[in-house]
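Enquirer: For reference, the sequence and a predicted model appear below.
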Amino acid sequence: MVTTFLEEKNIGHLLKATVNFIKLPLTKMWLDYDSEVDVLYLHFEEKPISTHSEMRDDGIILDYRDDVLVGLTILEVSHR
């Protein structure tokens with residue numbers, strides 16, 4: 001599945017996203033991909049605990065602890 005995900009057209013999208021990731025103030029991120037449901041979890045803390053989440057119209061869920069963004073959940077990530 002990883003080789004399918006990293007097809008040449010997807011690498012371009014990944015590189016564009018990387019530019020935005022390096023602009024974030026945090027230096028460590030944790031990624032988990034669940035291939036059964038095609039969801040990517042991106043955490044800005046090793047073990048994030050969120051107090052609330054916000055679902056955007058584009059299928060991205062923002063996870064917050066109070067007013068601090070602690071992670072993202074990206075639905076249908078292989079189609080992006």
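Expert: Everything's here; your move.

Enquirer: Which residue ranges of this structure form helices?
Expert: 2-5, 8-21 (DSSP state H).

Enquirer: among these, which gets the worst mean confidence?
Expert: Per-stretch mean pLDDT for the helices of the chain is lowest at helix 2-5 (a mean of 48).

Enquirer: so what's residue 54 closest to, chain neighbours aside?
Expert: Spatial nearest neighbour of residue 54, excluding adjacent residues (Cβ to Cβ, 6 or more residues apart in numbering): residue 62 at 4.6 Å. In short, each C-beta sits where N, CA and C put it, glycine included.

Enquirer: Run through the bridge partners of that neighbour.
Expert: Beta bridges link residue 62 to residue 54, residue 72, judged by DSSP bridges.

Enquirer: Could I get the pLDDT score of it?
Expert: 93.

Enquirer: Residues in contact with stretch 45-65: which ones?
Expert: Taking contacts as Cβ atoms under 8 Å, 6 or more residues apart in numbering, the residues outside stretch 45-65 that touch it are 28, 30, 66, 69, 70, 71, 72, 73, 74, 75, 76.
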